[in-house]
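> how does the following fold in three dimensions:
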Amino acid sequence: MFVRFQSAVPNRRGTFPGIFAMANGLRDAGVLSPEDDRWVRRMNAHGERAYTDPSTVVADCYDRERNPGARSWFRESADELLAIAHAYTQLLDRSRVPWTELRTSTPGRIVYEDSVQVVAVPFTHAQDWPLPVNAPPRSG
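Modelled structure (predicted):
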């Protein structure tokens, strides 16, 4: 299983940013309390030390043309990373930023993976539809 935390509403580009991007947006806009600002900076630094940035391994994993809509998902087994993610959701709650949690066993076409995360392009095209289009109706 894979887990994703993202905005509950699309941004201006029509995409649903993840919780880290939303927290960084709040920080960059200067709307966080000094304590929350320091916390985000500290947690971001920890994340950069502890986890691989997928784009440092697969440079084009988030490329909008090559991998449209690519997004990160946590492995359900990534306990520490999920605990960090939950702390970010608490920050978003305090800031009144709506978010949602998604879970799936099939996040899309995987373009990067490691022990705690995957980056996947969502199944959005006709060739991804898993059911036969011209299946005869069942008799009942």
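> roughly how far is stretch 110-128 from the heart of the chain?
Relative to its chain's centre, stretch 110-128 lies at 11 Å (CA atoms, centre = their mean, to the nearest Å).
> do the same with stretch 8-16
Chain-centre distance of stretch 8-16: 13 Å, with CA atoms, centre = their mean.
> show me what counts as buried in it.
residue 16 (16 or more other CB atoms under 10 Å). Every residue, glycine included, has its C-beta placed from N, CA and C.
> can you measure across that stretch, start residue to end residue?
7 Å (CA to CA, to the nearest Å).
> so what touches it?
Applying CB atoms under 8 Å, 6 or more residues apart in numbering, the external contacts of stretch 8-16 come out as 6-7, 17, 69, 71, 98-100.
> mind running it again at 10 Å?
With CB atoms under 10 Å, 6 or more residues apart in numbering as the test, stretch 8-16 has contacts from 4, 6-7, 17, 21-22, 25, 64, 68-69, 71, 92, 97-102.
> for the record, mean pLDDT for that stretch?
What stretch 8-16 shows for mean pLDDT is 92.
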